[in-house]
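Undergrad: The following block contains a protein sequence and its predicted model.
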Amino acid sequence: MAAVDALDARILRLLLEQPRTSVREYARILGIARGTLQARLDRLERTGVITGSGPRLSPAALGHPVLAFVHIEVTQGHLDDVGDAIAEVPEIIEAFSITGGGDLMTRVVARDNAHLEDVIQRLIQLPGVVRTRTEVALRERVPHRMLPLIEAVGRAAGPGR
């Protein structure tokens, strides 16, 4: 795990709040040298703290407003095969191996409930899938976020190096 200090947390916060700003402008806002900022960004990427950059897209705006969490129970020994097969289903936007009720939990988007049913039927027919359980999301209560975590990590780390 990479150590993140208070300056790193400030950098990460700025990246989230102003994602289209240049490195030069970030350095000016933070009051640090551009080379210092670039070295820290490189380290944060190299250590896996920063995993990518680019726009966040809305499935709803792309015509897929229905969101469901589909738990998939898999025949023992077939988890990798089923994982590979569900990676080919475009409506699955995330999937995780889990403990508890089921072996995989997927985040599925669909155009409407009928389309969701079609996706679930496709999943049920995959070799190695025993059963599925679906929960439809009604409303997003806390959108995907990282800022509160970054702030907490920054406070815990103390002043920058």
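TA: Yes, it's here.
Undergrad: Tell me if I am right that Arg56 is in a strand.
TA: No. Going by DSSP: H, G, I helix; E, B strand; the rest coil, the assignment for Arg56 is coil, not a strand.
Undergrad: Quick check: can you list the domain ranges of this protein?
TA: Following automatic domain parsing, the chain resolves into domains at 6-55, 66-136.
Undergrad: pLDDT below threshold where in this protein?
TA: The model of the chain has pLDDT under 70 over residues 1-2, 159-161.
Undergrad: which residue ranges form the helices in it?
TA: 6-17, 23-30, 34-46, 79-86, 113-124, 147-157 (DSSP state H).
Undergrad: deepest of those, which one?
TA: By mean neighbour count, with neighbours taken as mean count of other Cβ atoms under 10 Å, helix 6-17 ranks first of those at a mean of 18. (C-beta placed from N, C-alpha, C; glycine too.)
Undergrad: the inter-axis angle of it versus helix 147-157?
TA: 170 degrees (axes from the mean of the first three to the mean of the last three Cα atoms, to 10 degrees).
Undergrad: From the chain's centroid, how far away is helix 6-17?
TA: For helix 6-17, the separation from the chain centroid amounts to 18 Å (computed by Cα atoms, centre = their mean, to the nearest Å).
Undergrad: Please consider this matter closed, and thank you.
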